[in-house]
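A.B. asks: Sharing a model prediction with you, sequence too.
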Amino acid sequence: MDTVLDVLSCALLLTGATLTLVAAWGLHRLSDVYSRIHAATKPVTLGMLCSVTAAVLQADDAADVTKLLLALVLLFTTAPVAASMLSRAAHANRVPMGPDATLDELGDHLGD
Amino acid sequence: MTAVAWIAGVMLVAAVLLAVLRALRPGSLADRAVALDLAVVVALNGLALRAATTGDDAAVDLLLVFGLVGFITVVTVARFIERRGN
């Protein structure tokens, strides 16, 4: 049983680290702020899900499991909010879109 | 487990370096904020890695606190950028 859990958490940890590395690479590859926000938020959140699940599998008391799950819920609710705030700030300051962008539906409609 | 911890750790360090490099490259303020936000989440990932491989209780507490502080920081910086411009 312990071996199964260990192998599973090793796989999850490696997946989490790989997704994070891919996200960091995406920051350099993608062409504008908005797509970079996309890279810096989605794969990283999935990577955190993997890493925290590995930590839960290895945790030895209920208090640690509760805290880890709480941290996960926190991350899943705050990451989209932070990304949305950042892209809103970038758009309000008219940071240009990349060469591949064709449509800016928000346009000048950013009201407070 | 130790080998996996090392491999994953090296990948996370590389990710932090890439993120900081992105923040140092010329770009808008929002760009840099995104890069540093990513660096914070990579640090959270490292704390989860430590909690999983060493069973360190302090890493779990730090994960929770650092996650909250990181979020508040990003929201504050985003509001600052929105008001003050790039």
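C.D. replies: Perfect, thanks for sending it.

A.B. asks: Next secondary structure after the host helix or strand of residue A:55?
C.D. replies: Per DSSP states H and E: residue A:55 is located in helix A:33-58. Going down the chain from helix A:33-58, the next helix or strand is helix A:62-92, by DSSP H and E.

A.B. asks: and the helix or strand containing residue A:3, what other elements does it pack with?
C.D. replies: Taking DSSP H and E as the criterion, residue A:3 maps to helix A:2-29. If contacts are counted by 3 or more C-beta pairs under 8 Å, 6 or more residues apart in numbering or on different chains; DSSP states H and E, helix A:2-29 sits against helix A:33-58, helix B:2-24, helix B:29-54. No exception for glycine: its C-beta is placed from N, CA and C like everyone else's.

A.B. asks: show me where pLDDT drops low in chain A?
C.D. replies: Residue ranges of chain A with pLDDT under 70: A:1, A:110-112.

A.B. asks: and the nearest residue to residue B:71 once chain neighbours are set aside, how many neighbours?
C.D. replies: Among residues not flanking residue B:71 along the chain, residue A:78 sits closest, at 4.0 Å (C-beta to C-beta, 6 or more residues apart in numbering or on different chains). For residue A:78, the count of nearby residues is 18 (other C-beta atoms under 10 Å in any protein chain shown).

A.B. asks: Give me the distance from the single longest helix found in chain B to the chain's centre.
C.D. replies: The residue-count maximum for a helix in chain B (DSSP state H) belongs to helix B:57-84. Centre-to-centre, helix B:57-84 and its host chain are 10 Å apart (C-alpha atoms, centre = their mean, to the nearest Å).

A.B. asks: pLDDT on it, on average?
C.D. replies: Averaged across helix B:57-84, the pLDDT comes to 92.

A.B. asks: tell me the contacts of the residue sitting nearest the centre point of chain B?
C.D. replies: Taking C-alpha atoms, centre = their mean as the criterion, residue B:40 is the residue nearest the geometric centre of chain B, at 1.6 Å. Neighbouring residues of residue B:40 by C-beta atoms under 8 Å, 6 or more residues apart in numbering or on different chains: B:66, B:70, B:73, B:74.

A.B. asks: now with 6 Å?
C.D. replies: Taking C-beta atoms under 6 Å, 6 or more residues apart in numbering or on different chains as the criterion, residue B:40 is in contact with residue B:70.
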